[in-house]
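Colleague: One predicted model, sequence on top.
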Amino acid sequence: MSDYVEISREVNPSCRLPENMNAPAWCYMDFSKFESFIKKRAFYLCRADRLEDRFEGTYSRHQISEMEQWFRGIGEPEMVQIEESYRLRDRERTYLSCWCLGECDFDLMWKAYFRNPPRVAVRSTVNRLKVACDNAVNHWPLDISMVTYFDRAEGEHLNYFGTPTVFLHKDHHFSLDHELRIIHWPNISKPTPDHVFLPVNVAEIIEEIVLQPRSNKGVTESVMSLLEVAELKDIPVLCSRDDREHV
């Protein structure tokens, strides 16, 4: 009989994964973040309140208003401020790595991430990312889930199951992203850093690397050189789907 007990992650009930665990997952990033990913062999996870969506990790205004009215109605007005401080605290201690589900690289995603060229897209799968989360024992609590889209503008309510529920919901405005998230909320004292790194086995994560449309030869050579130095030269490097169609 083994003297060791196998440890497994306790999955949050809010988390959902697709039926097809081999579904492709894409992470679009500028070259500097890609270089960091390869050299550090770690995912970059951004603090929730540093993401572009200013409503990241919040309820609808209508739900918050009803909550505050309820606290006042039961004679606990001080809970309004306490609840608000909890929401701020969670946004400042939750870290996210954002991926997009799709069979190929999408023009919409390239345009959304086009501000600082050159860009690359890392293609993985849901299962590869889940295994990375399962293996990162020293970085639990850690979860992976598809994002659920809801009508924040119209006041749709979220059922709360504790962290990370609110970070796995976004307004319908973002639904074309088909987002998959890795979410981490470490026990870090304030001031919390703007980002953290999650060590992973890069060779097992990446299926292929796709270059931004109209990338020049210099970008290709930089990516290939980076992979060779990191002893990852067996990873395929492809032109964007759009470029392949016009060769």
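Modeller: That came through fine. Numbers count the residues shown, from 1 in each chain.

Colleague: From here on, just use CA atoms for contacts and neighbour counts.
Modeller: Fine.

Colleague: Quick check: Asp47 vs Cys239, distance?
Modeller: Actually, residue 47 is Arg rather than Asp. Computed as C-alpha to C-alpha, to the nearest Å, the Arg47 to Cys239 distance reads 31 Å.

Colleague: With Ile144 instead?
Modeller: 28 Å.

Colleague: And the two? Which one has more around it.
Modeller: Shown here are Ile144 and Cys239; by other C-alpha atoms under 10 Å, Ile144 has more neighbours (26 against 18).

Colleague: what sits up against the helix or strand encompassing the more buried one?
Modeller: Secondary structure from DSSP states H and E places Ile144 in strand 142-146. With contacts defined as C-alpha atoms under 8 Å, 6 or more residues apart in numbering, strand 142-146 is touched by 9, 11-12, 15-18, 129-130, 133, 168, 178-185.

Colleague: which parts of stretch 221-241 are buried?
Modeller: Val223, Met224, Leu226, Leu227, Leu232, Ile235, Val237, Leu238, Cys239, Ser240, Arg241 (16 or more other C-alpha atoms under 10 Å).

Colleague: Work out for me the element the third one sits within.
Modeller: Per DSSP H and E: Leu226 is located in helix 217-229.

Colleague: And the next helix or strand past that helix?
Modeller: Using DSSP H and E, the helix or strand that follows helix 217-229 towards the C-terminus is strand 237-238.

Colleague: Could you spell out the sheet neighbours of that next one, each with its direction?
Modeller: strand 208-211 (parallel) (DSSP bridges).

Colleague: List the beta-bridge partners for Val237.
Modeller: What pairs with Val237, by the bridge criterion (DSSP bridges), is Ile209.

Colleague: what sits against it?
Modeller: Counting by C-alpha under 8 Å, 6+ apart, Val237 has contacts Glu208, Ile209, Val210, Leu211, Met224.

Colleague: remind me, longest helix of this protein?
Modeller: Across the chain, the helix with the greatest residue count (assigned by DSSP state H) is helix 78-93.

Colleague: Mind exporting the C-alpha coordinates of that one to PDB?
Modeller: C-alpha atoms of helix 78-93 as PDB (Å, rounded to 0.1, in the frame of the first residue of the first chain):
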ATOM      1  CA  GLU A  78     -22.600  48.900   7.900                       C
ATOM      2  CA  MET A  79     -22.600  45.800   5.700                       C
ATOM      3  CA  VAL A  80     -23.000  48.000   2.600                       C
ATOM      4  CA  GLN A  81     -19.400  49.300   3.100                       C
ATOM      5  CA  ILE A  82     -18.100  46.000   4.200                       C
ATOM      6  CA  GLU A  83     -19.500  44.200   1.100                       C
ATOM      7  CA  GLU A  84     -18.000  46.900  -1.100                       C
ATOM      8  CA  SER A  85     -14.600  46.500   0.500                       C
ATOM      9  CA  TYR A  86     -14.800  42.700   0.000                       C
ATOM     10  CA  ARG A  87     -15.500  43.300  -3.800                       C
ATOM     11  CA  LEU A  88     -12.500  45.600  -4.000                       C
ATOM     12  CA  ARG A  89     -10.300  43.200  -2.100                       C
ATOM     13  CA  ASP A  90     -11.200  40.300  -4.400                       C
ATOM     14  CA  ARG A  91     -10.400  42.300  -7.500                       C
ATOM     15  CA  GLU A  92      -7.000  43.200  -6.000                       C
ATOM     16  CA  ARG A  93      -6.000  39.600  -5.200                       C
END
